[in-house]
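>>> no sequence for this one, just the structure:
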Ligand SMILES: NC(=O)c1ccc[n+]([C@@H]2O[C@H](COP(=O)([O-])OP(=O)(O)OC[C@H]3O[C@@H](n4cnc5c(N)ncnc54)[C@H](OP(=O)(O)O)[C@@H]3O)[C@@H](O)[C@H]2O)c1
């Protein structure tokens with residue numbers, strides 16, 4: 001590996017999209033928690049908005065008055081290359097990523113810069129694998145997508161669960177997600193975009209399967225489960241075809257600790273059957289509407305970009321992910337839990353992932369890697385110290 005992420009770069013972490021809804025929360029988190037001596041900068045497309053953000057941050061924390069402001073546009077490859085070349089790690093909140101993400105990933109792969117984002121878009125992740133994994137391996141860049149609620153609690157929760165199970169035997173893990181959270185304009189736009197691109201998503205997944213090297217002597221799978229009542233959680237479990245199970249599967253491919261034959265299934269966990277049925281019908285309707293451009297545009301215009309749940313609403317929000325793991329005669333229930341998943345905790349996860357890449361002693365990896373593979377123990381330790389809970393609930 002020819003690592004070009006040299007020590008001479010001016011910034012440890014650059015936050016791109018700092019002026020958006022989650023970007024601002026991430027900037028606030030870094031302002032409060034980046035360790036002394038960590039050189040970080042705010043980046044975005046509007047210098048005026050960046051300056052306003054810096055003024056707000058420095059009202060709380062006078063050190064922030066000196067924060068560097070970097071301008072770049074997601075459509076301008078030259079400005080992104082300059083941005084990437086100035087940093088060890090770029091964390092991006094500029095989505096929908098399928099529209100705005102590729103040029104920055106290309107710039108990071110080219111300049112040997114580590115990259116993190118908040119995407120939950122499977123098509124984008126597969127495309128970036130096909131287009132940029134090879135170059136990133138050559139330059140030593142780590143491309144770590146999905147560093148928010150998609151998919152950190154699920155990826156690290158499965159990683160934590162595997163560590164409670166015996167080594168060298170086939171393992172199964174099921175994850176059950178519950179939350180009461182609301183969403184932002186940016187998340188809604190990204191979800192609608194992804195729902196409207198079913199064929200492109202399927203094509204990218206197919207091409208990736210053709211290119212990805214086969215695992216030799218081991219298996220790692222994430223098949224879709226069936227709806228059922230789960231006695232472990234006391235809730236109805238509905239298969240959740242998000243990016244998360246793909247990420248867990250890729251971690252199992254990358255880490256031998258997941259054993260010779262690993263299977264992960266991912267579910268939404270709903271207390272009452274009518275709610276489960278209503279939720280499924282509503283998602284079906286939304287997915288159907290997302291196929292019609294005019295309906296998609298109308299739905300998009302209902303929730304403004306840059307807006308999201310206020311502090312009081314986020315303060316009432318929570319999530320839990322229950323995992324049931326089995327293998328080698330042992331059965332374990334674990335749980336990851338925290339506060340507002342999509343925004344407060346997501347900002348924390350993105351910031352801590354960027355800090356881990358910039359500052360921690362991590363396993364030697366490069367190319368497109370998951371959070372568990374790139375920084376499993378380090379990120380787990382950081383997030384636990386930052387208030388997320390990873391615990392073993394029961395063992396048999
Ligand atoms: N993984 C998760 O769990 C999770 C959770 C939350 C959000 N997300 C994702 O994170 C992304 C951001 O969400 P959000 O709610 O923060 O959205 P948002 O408020 O709309 O923010 C989008 C950001 O992108 C910037 N931007 C847009 N076009 C740009 C361009 N051409 N060049 C440079 N910057 C550009 C915006 O800049 P301006 O400020 O100048 O407009 C803004 O900073 C979405 O894709 C969302 O799905 C994921």
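On my side now, so go ahead. All of these numbers come straight from a predicted model, not from anything done at the bench.
>>> Tell me the bridge partners for the spatially closest residue to residue 118 that is not a sequence neighbour.
Nearest non-adjacent residue to residue 118, counting by Cβ to Cβ, 6 or more residues apart in numbering: residue 148, 4.1 Å away. For glycine as for every other residue, the C-beta is placed from the backbone atoms N, C-alpha and C. On the basis of DSSP bridges, residue 148 is bridged to residue 151.
>>> The nearest residue to residue 115 once chain neighbours are set aside and the ligand, how far apart?
Using Cβ to Cβ, 6+ apart and skipping residues adjacent in sequence, the residue nearest residue 115 is residue 108, 3.9 Å away. Residue 108 sits 15 Å away from the ligand, going by Cβ to the nearest ligand atom, to the nearest Å.
>>> again with residue 270
19 Å.
>>> separation between the residue in the stretch 151-300 of the chain that the ligand sits nearest to and residue 25?
Among the residues of the stretch 151-300 of the chain, residue 186 lies nearest to the ligand; the distance is 1.9 Å by Cβ to the nearest ligand atom. Per Cβ to Cβ, to the nearest Å, residue 186 is found 12 Å from residue 25.
>>> more crowded one of those two?
residue 186 (26 against 23; other Cβ atoms under 10 Å).
>>> So that one is in contact with residue 304, correct?
No: between residue 186 and residue 304 there is no contact under Cβ atoms under 8 Å: 9.7 Å.
>>> Residue 98 belongs to a helix, doesn't it?
Yes: assessed by DSSP: H, G, I helix; E, B strand; the rest coil, residue 98 belongs to a helix.
>>> That one: neighbouring residues, count only.
Based on other Cβ under 10 Å, the number of other residues close to residue 98 is 22.
>>> hmm, back to that, ok, now which ones touch the residue of the stretch 151-300 of the chain closest to the ligand?
Neighbouring residues of residue 186 by Cβ atoms under 8 Å, 6 or more residues apart in numbering: 20-22, 93, 95-96, 305-306, 308.
>>> where's it, which helix or strand?
helix 185-195 (DSSP states H and E).
>>> next one: that helix to chain centre, how far?
Here helix 185-195 is found 15 Å from its chain centre; the criterion is Cα atoms, centre = their mean, to the nearest Å.
>>> Just after that helix, pick out the following helix or strand.
Sequence-wise, the next helix or strand downstream of helix 185-195 (DSSP H and E) is helix 198-211.
>>> how far away is residue 31 from the ligand?
As judged by Cβ to the nearest ligand atom, residue 31 and the ligand stand 16 Å apart.
>>> For that residue, give me its contacts.
57, 60-61, 63-64.
>>> What residues of the helix or strand hosting it count as buried?
Under the criterion of DSSP H and E, residue 31 resides in helix 21-33. Along helix 21-33, these residues count as buried under the neighbour rule (16 or more other Cβ atoms under 10 Å): 21-31.
>>> Give me the distance from stretch 135-154 to the chain's centre.
Centre-to-centre, stretch 135-154 and its host chain are 8 Å apart (Cα atoms, centre = their mean).
>>> what is the rounded mean pLDDT of that stretch?
What stretch 135-154 shows for mean pLDDT is 97.
>>> Just the terminal-to-terminal distance for that stretch.
End-to-end span of stretch 135-154 (Cα to Cα, to the nearest Å): 28 Å.
>>> same question, stretch 13-28
End-to-end for stretch 13-28, by Cα to Cα: 14 Å.
>>> Repeat that for stretch 263-276.
24 Å.
>>> List the buried residues in that stretch.
Neighbour count says stretch 263-276 has 263-270, 276 buried, by 16+ other Cβ under 10 Å.
>>> So which of those residues sit within strands?
Under the assignment DSSP state E, these contribute 263-270 to strands.
>>> a markdown table please, covering the residues you listed and showing distance to residue 101 and pLDDT.
A markdown table is the format used below for those (distance: Cβ to Cβ, whole Å; pLDDT from 0 to 100):
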| residue | distance to residue 101 | pLDDT |
| --- | --- | --- |
| 263 | 30 | 98 |
| 264 | 25 | 98 |
| 265 | 28 | 98 |
| 266 | 23 | 97 |
| 267 | 28 | 95 |
| 268 | 26 | 91 |
| 269 | 30 | 91 |
| 270 | 32 | 89 |
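>>> quick one, strands of the stretch 1-150 of the chain?
Shown for the stretch 1-150 of the chain, the strands assigned by DSSP state E, counting those that start in this stretch span residues 11-16, 40-44, 69-71, 87-92, 114-117, 142-144.
>>> Oh, that last question was meant for the stretch 151-300 of the chain, not what I typed.
171-179, 219-221, 228-230, 235-239, 261-270.
>>> In this protein, which residue is most central in space?
Central residue of the chain (Cα atoms, centre = their mean): residue 146, 2.0 Å from the mean position.
>>> May I ask you to confirm that that residue is in contact with residue 117?
Yes: Residue 146 lies in contact with residue 117 (Cβ under 8 Å); the separation is 7.4 Å.
>>> Now do the contacts for residue 206.
Per Cβ under 8 Å, 6+ apart, neighbours of residue 206: none.
>>> Then residue 142?
Neighbouring residues of residue 142 by Cβ under 8 Å, 6+ apart: 114-115, 136, 357, 365-367, 369, 374.
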